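Student: Let me see the structure of the following:
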Amino acid sequence: MNLLAEITTVHRDAFLVLLLTFPRIFAVFATSQIFNATLMSRMARNVVVMVIAIPLYPYNLQYVDGFSPTGSMFVVYFFKEYAIGFLIGYTISCLLWAVQSAGTLIDNQRGAAVASSIDPMLGNESSPVGDLFSRAFILYLFLTPGFFFILTLVYNSYMIFPVTEFIPVLPEDFPELILSIFDNAMRLMFVMAAPLVILMFLAEFALAIISRFDPQIQVFILAMPIKSGVAVILLTFYLSFLLPEAAEHQIELKLFTDEIFGIFEKGKDIYQDQKLEVRP
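Tutor: I've put the predicted structure just below:
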């Protein structure tokens, strides 16, 4: 016990750096579902988080030097780091959800939404094309520099907002930013799904006109296979354009995270002003 206490005392700053670095990175990948617990074991995911966090150790060590929080304050800082990671992961997951939802919208138009199942990548219910889109896009991120862009985003967050910073106040425009992130995901979903949805609607409209002139044709039986055939043929060519287009929207992740940290800076100014007003 004495040896353990001595080691803990000597390496106090090292333990503190690691304990304050892990929550943000873990929250980013837990929220974004890039390393989903259903696809890789928790032990493997924790090892990946540790490997990603190790390069940040020398940088965060300079902020921890002389930083001595109490037990309750350490818990507050721990949850603060997790909240920041959650916000970054939320911006990343919105891009993944937009790609998946585009496939779900396509399946809904062709009448195959009834075949929905749980997507193991993102952990929510998804249609067959939505599942295909999410798997293909995450694979595309790892085959291209997309994942390194996400890592750069996470690493830069520690430079913009160090682990020892504490913000108890959020300005009133913070909910507007969160809604704008969701709005951008909805817009991206409709833009990606629009070409196939429009063409399937035209095919269904043509079937409706044909049934008008020949009521004996069972258009309800023919509609789904015809629209599915149109979707499969178009997806063969469309995926080569869809995935790079979705990946280009990664730059918007940086813009949104910069806005989030800009709001945090504004929150610090509000907090400092409140302290000056309270001080006699």
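Student: Show me what the mean pLDDT comes to for the helix or strand hosting Ala208.
Tutor: Ala208 is part of helix 174-213, with elements assigned from DSSP states H and E. Mean pLDDT, helix 174-213: 82.
Student: Can you name the secondary structure element that comes next after that helix?
Tutor: By DSSP H and E, the next helix or strand past helix 174-213 is helix 219-248.
Student: Give the buried residues for that following helix.
Tutor: Neighbour counts over helix 219-248 (16 or more other Cβ atoms under 10 Å) mark 219, 223, 226-228, 230-231, 235, 238, 242-243, 246-247 as buried. In this view, the C-beta of every residue, glycine as well, is placed from N, C-alpha and C.
Student: Closest one to Ala185 out of those, please.
Tutor: Nearest to Ala185 among these: Ala246, at 11.0 Å, using Cβ to Cβ.
Student: Can you verify my assumption that that closest one contacts Trp97?
Tutor: No - using Cβ atoms under 8 Å, Ala246 and Trp97 do not qualify as a contacting pair, with a distance of 11.4 Å.
Student: and Thr164, how far is that from Leu61?
Tutor: 11 Å (Cβ to Cβ, to the nearest Å).
Student: follow-up on the earlier one: which parts of the helix holding Ala208 are buried?
Tutor: For helix 174-213, by 16+ other Cβ under 10 Å, it's 174, 177-178, 181, 184-185, 188-189, 192-193, 196-197, 199-200, 203-204, 207, 211.
Student: ditto for stretch 127-142
Tutor: 127-138, 140-141.
Student: Now do the strands in this protein.
Tutor: 117-118, 125-126 (DSSP state E).
Student: Least confident of these, on average?
Tutor: strand 117-118 (a mean of 59).
Student: ok, and the closest non-adjacent residue to the most centrally placed residue in the chain?
Tutor: Nearest to the geometric centre of the chain sits Ser93, at 1.9 Å (Cα atoms, centre = their mean). Spatial nearest neighbour of Ser93, excluding adjacent residues (Cβ to Cβ, 6 or more residues apart in numbering): Ser32 at 4.5 Å.
Student: what does Leu61 give?
Tutor: In space, Leu61 is closest to Val17, 5.3 Å off (Cβ to Cβ, 6+ apart).
Student: so who does the one you found touch?
Tutor: 57, 60-61, 64, 163 (Cβ atoms under 8 Å, 6 or more residues apart in numbering).
Student: all helices of this protein, in order?
Tutor: Assignment of helices within the chain using DSSP state H yields the ranges 2-10, 12-32, 42-53, 57-64, 71-110, 128-143, 146-160, 174-213, 219-248, 250-278.
Student: Please indicate which of the contacts of Val17 are buried?
Tutor: Applying 16+ other Cβ under 10 Å to the contacts of Val17 flags 60, 64, 163 as buried.
Student: Disregarding flanking residues, what is the spatial nearest neighbour of the last one?
Tutor: Right, the one you point to is Val163. Excluding its sequence neighbours, the residue lying closest to Val163 (Cβ to Cβ, 6+ apart) is Leu20, at 4.2 Å.
Student: Can you pull out the low-pLDDT segments for the protein?
Tutor: 1-11, 36-39, 66, 112-126, 167-171, 247, 250-254, 256, 263-280 (pLDDT under 70).
Student: Enumerate every residue touching the closest residue to Leu87 other than its chain neighbours.
Tutor: Among residues not flanking Leu87 along the chain, Ile260 sits closest, at 5.5 Å (Cβ to Cβ, 6+ apart). Taking Cβ under 8 Å, 6+ apart, we find Ile260 in contact with 87-88, 91, 177.
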